[in-house]
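[1] I'll drop the sequence and a predicted model, then ask my questions.
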Amino acid sequence: MTTADLILTNARVLTMDPDHPRAEAVAIAGERILAVGSAAEVAALAGPGTRIIDAGGRTVLPGFFEGHVHVGLGGADLTHLHIGHLHGAEAVGAAFRTFATANPDMPLLMAQEAHYTILDKPATRQDLDEMIADRPIAMMSPDLHTVWANTAALEAAGLLHGAKMPHGHEVVMGEDGLATGELREFEAFGPLIAFAGEGRVNLGIATGEEPDPWPTQAERAADKALLLKGMMHCAAHGVTSLVNMDGNRYMLELLSEMQAEGALPLRVKVPFHFKPHMGLDALDRASAMTAEFDDDWISSGFVKMFMDGVIDSRTAFMLQDYPDQPGHRSEPLFPPERFDEIATEIDRRGLQIAVHAIGDGAVRAVIDGYQAARAANGPRDSRHRIEHIELIDPADIPRLASLGITASLQPPHAPGAMDFPLQPTLSRIGAARWADAYQWRSLAKAGAAVAFSSDWPVADVSVLRGIAAALTREPYDSARDERLSLLETLHAYTAGGAWAAHRDQVTGTLRTRLAADLVILGGDIEAVDPIKIPDLGVILTICGGRIIHDPGILA
């Protein structure tokens with residue numbers, strides 16, 4: 001009989017395994033779960049060298065599966081100024097000046113979480129010049145789709161006089177022939193990120209290309225440090241697996257180096273990022289990444305795309321006009337017939353597809369593309385995904401289930417649910433469409449597979465805060481209650497995320513022979529008021545049998 005290396009006992013174990021949903025104890029041997037069962041059954045697996053942890057009646061869950069995150073950007077974000085709690089030019093300027101004093105050598109002073117209404121008016125370079133003029137400074141919107149920069153930053157990045165951009169990306173120009181300071185979408189502010197020294201970890205989302213020239217050993221070490229910082233921050237919140245929704249071969253090679261060095265704490269899945277300028281032959285790179293990186297810790301196997309932008313900047317593609325800008329619906333980043341062709345080819349290669357689609361027009365275009373791929377190639381267990389689905393036409397809801405499409409949703413994103421304010425998002429959507437926005441329960445009831453995540457650093461990566469947001473969200477006027485139950489929500493953050501990433505045979509549930517990925521919370525999650533769930537905290541995170549987060553609360 002195999003002896004356990006570690007036993008967690010006296011616990012309220014929620015396994016997410018429908019055949020055995022609850023248990024009292026878990027035994028771990030090496031990287032795998034040895035047994036899940038009663039305290040007495042598991043105790044029989046202890047030997048003289050077994051470490052036994054008494055959970056004291058606390059909840060034990062599968063390690064959280066963060067199904068949509070940008071871990072390199074998140075690692076960088078942890079070094080930036082955060083102003084989401086501030087409002088008005090005076091408060092923001094004071095925060096910038098304090099941050100500048102504390103960071104005299106930082107090339108770009110970047111502030112995160114700058115809501116679109118933070119200055120009560122569209123921000124300009126002149127507004128930021130009044131805060132600090134002699135050093136480059138910039139503010140990033142919470143959705144990571146818009147940056148506002150001062151004149152010094154625009155000059156340093158070569159953007160003050162404008163720049164040619166791909167469709168959907170824009171350096172906004174003023175009547176004076178100079179940039180206003182507003183940079184829309186990733187390639188527009190990519191030069192600014194590169195000037196800050198964070199361009200290499202931004203390439204996967206900005207261009208989908210590889211670094212050129214190839215990074216030196218010192219540059220790779222700096223980028224690995226950002227990745228590790230981001231991953232350890234996730235681990236502190238109980239996360240054991242990530243789908244990094246931006247990526248390239250460089251990202252995979254960095255992770256492989258970390259794995260070889262024994263410094264990879266989490267499981268990571270990385271896409272090939274397909275951009276509108278690419279030809280179908282670029283998918284050869286996706287196939288090669290999939291073949292070369294495929295173990296329980298590092299994998300690829302999918303292609304990420306963007307179909308539109310975001311609601312707040314009116315770059316989300318809508319089926320109807322924006323109510324506060326008649327005649328404007330935005331445009332898809334891929335013409336529908338082109339997307340059908342790309343989706344069909346990706347599917348033919350046996351790869352998964354994940355597409356950012358926020359507006360109902362973008363969502364429909366993606367569904368149509370997945371339907372075209374199925375018609376051309378036949379049905380298979382593709383688990384193609386739509387990321388976000390912030391607005392959907394009611395007629396499209398049942399199509400997700402019928403086509404086997406995963407709804408990859410983010411509870412922290414719904415305005416008013418967590419950190420995002422109600423405005424300007426609800427005004428952009430319009431009261432007549434509030435009932436069609438952020439439809440979690442409606443999608444689940446219609447049979448769609450649901451996975452929850454944060455999209456960190458767009459939102460706080462804290463899963464416990466996300467769970468609380470999912471459970472306490474108030475319906476908008478005339479809209480249905482779109483909350484799922486506690487157990488449904490926990491499933492979406494664990495087993496649902498693993499299934500959506502084709503990792504359900506590795507992790508996501510607590511079953512014998514699956515990976516020993518677990519999290520212990522600071523209490524019984526089923527016994528506390530939902531609004532107090534974040535107060536429980538994470539007191540132990542285990543990934544592959546190794547304790548990767550331990551604040552020392554348990555003996």
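    Thanks, I have it.
[2] going forward, measure contacts and count neighbours with C-alpha atoms only.
    Will do.
[3] I'd guess Thr344 is in a helix, am I close?
    Yes: counting by DSSP: H, G, I helix; E, B strand; the rest coil, Thr344 is found in a helix.
[4] ok, now which ones touch it?
    By Cα atoms under 8 Å, 6 or more residues apart in numbering, the contact list for Thr344 reads 369-370, 372-374, 376-377.
[5] which of those ranks first by neighbour count?
    Tyr370 (26 neighbours; other Cα atoms under 10 Å).
[6] how far does the helix or strand where that residue lies sit from its chain's centre?
    Assigned by DSSP states H and E, Tyr370 falls within helix 360-377. Centroid separation between helix 360-377 and its chain, computed with Cα atoms, centre = their mean, to the nearest Å, is 23 Å.
[7] quick check: next helix or strand after it?
    Counting by DSSP H and E, the next helix or strand C-terminal to helix 360-377 is strand 385-388.
[8] now the strands for the stretch 251-400 of the chain?
    Per DSSP state E, counting those that start in this stretch, the stretch 251-400 of the chain carries strands over the ranges 267-269, 272-273, 298-299, 302-306, 352-357, 385-388.
[9] which of the ones you listed sits most buried?
    The highest average neighbour count among the strands of the stretch 251-400 of the chain, using mean count of other Cα atoms under 10 Å, belongs to strand 272-273 at a mean of 28.
[10] if we can go back for a sec, export the strands of the stretch 251-400 of the chain to a markdown table and tack on distance to Trp148 and mean pLDDT?
    Shown next, in a markdown table, are those (distance: least, Cα to Cα, whole Å; pLDDT from 0 to 100):
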| stretch | distance to Trp148 | mean pLDDT |
| --- | --- | --- |
| strand 267-269 | 31 | 98 |
| strand 272-273 | 25 | 97 |
| strand 298-299 | 35 | 98 |
| strand 302-306 | 22 | 98 |
| strand 352-357 | 23 | 98 |
| strand 385-388 | 24 | 98 |
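[11] please identify which of those strands is closest to Ala407.
    strand 385-388 (5.5 Å; Cα to Cα).
[12] nearest spatial neighbour of Ala153, chain-adjacent residues omitted?
    Excluding the flanking residues, the one nearest Ala153 by Cα to Cα, 6 or more residues apart in numbering is Pro136, at 4.0 Å.
[13] ok and the helix holding Tyr370 relative to strand 352-357, angle-wise?
    Per axes from the mean of the first three to the mean of the last three Cα atoms, to 10 degrees, the angle that helix 360-377 makes with strand 352-357 is 160 degrees.
[14] CA atoms of helix 360-377 as PDB?
    Output of helix 360-377 as PDB, limited to C-alpha atoms (Å, rounded to 0.1, in the frame of the first residue of the first chain):
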ATOM      1  CA  ASP A 360     -23.600  41.300 -29.100                       C
ATOM      2  CA  GLY A 361     -22.500  41.800 -32.700                       C
ATOM      3  CA  ALA A 362     -19.100  40.400 -32.000                       C
ATOM      4  CA  VAL A 363     -20.700  37.500 -30.000                       C
ATOM      5  CA  ARG A 364     -23.000  36.600 -32.900                       C
ATOM      6  CA  ALA A 365     -20.100  36.800 -35.400                       C
ATOM      7  CA  VAL A 366     -18.100  34.300 -33.300                       C
ATOM      8  CA  ILE A 367     -21.000  31.900 -32.900                       C
ATOM      9  CA  ASP A 368     -21.500  32.000 -36.700                       C
ATOM     10  CA  GLY A 369     -17.800  31.300 -37.200                       C
ATOM     11  CA  TYR A 370     -17.900  28.300 -34.900                       C
ATOM     12  CA  GLN A 371     -21.000  27.100 -36.700                       C
ATOM     13  CA  ALA A 372     -19.300  27.400 -40.000                       C
ATOM     14  CA  ALA A 373     -16.300  25.400 -38.700                       C
ATOM     15  CA  ARG A 374     -18.600  22.600 -37.500                       C
ATOM     16  CA  ALA A 375     -20.400  22.500 -40.800                       C
ATOM     17  CA  ALA A 376     -17.100  22.200 -42.700                       C
ATOM     18  CA  ASN A 377     -15.200  19.800 -40.400                       C
END
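[15] circling back: need the contacts of Thr344 in a markdown table with distance to Ile386, can you?
    A markdown table is the format used below for these (distance: Cα to Cα, whole Å):
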| residue | distance to Ile386 |
| --- | --- |
| Gly369 | 11 |
| Tyr370 | 10 |
| Ala372 | 15 |
| Ala373 | 15 |
| Arg374 | 16 |
| Ala376 | 20 |
| Asn377 | 19 |
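[16] report the buried residues of stretch 250-258.
    Within stretch 250-258, the residues scored as buried using 16 or more other Cα atoms under 10 Å are 250-252, 254-258.
[17] mean confidence for that stretch?
    Across stretch 250-258, pLDDT averages out at 98.
[18] contacts for that stretch, please.
    201, 204, 210-211, 220, 223-224, 264, 270, 293, 298.
[19] C-alpha coordinates for it, CSV please?
    Listed next in CSV are the C-alpha coordinates belonging to stretch 250-258 (Å, rounded to 0.1, in the frame of the first residue of the first chain):
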residue,chain,number,x,y,z
TYR,A,250,8.7,33.2,-26.2
MET,A,251,6.2,32.9,-23.3
LEU,A,252,6.3,29.1,-23.5
GLU,A,253,10.0,29.0,-23.6
LEU,A,254,10.3,31.2,-20.5
LEU,A,255,7.9,28.9,-18.7
SER,A,256,9.9,25.9,-19.8
GLU,A,257,13.1,27.5,-18.5
MET,A,258,11.4,28.1,-15.2
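[20] contacts for the helix or strand encompassing Ser241?
    Using DSSP H and E, the element containing Ser241 is strand 239-244. Here strand 239-244 makes contact (Cα under 8 Å, 6+ apart) with 63-71, 234, 265-271, 463, 501, 517-519, 541-543.
[21] now the residues you listed: which count as buried?
    The neighbour-count test (16+ other Cα under 10 Å) marks 63-71, 234, 265-271, 463, 501, 517-519, 541-543 as buried among the contacts of strand 239-244.
[22] quick one: the helices in the stretch 101-250 of the chain?
    Assigned by DSSP state H, counting those that start in this stretch, the helices in the stretch 101-250 of the chain fall at 125-131, 151-156, 186-195, 199-206, 217-235, 249-260.
[23] closest to Thr79 out of the ones you listed?
    Comparing the helices of the stretch 101-250 of the chain against Thr79 with Cα to Cα, the closest turns out to be helix 217-235 (9.5 Å).
[24] tell me the mean pLDDT over that closest one?
    97.
[25] in it, what counts as buried?
    220, 223-235.
[26] so what's the backbone phi/psi at the residue lying closest to Arg546 once chain neighbours are set aside?
    Sequence neighbours aside, Glu31 is the residue nearest to Arg546 in space, at 7.5 Å (criterion: Cα to Cα, 6+ apart). Note on Glu31: backbone dihedrals following degrees, to the nearest 10 are phi -90, psi 0.
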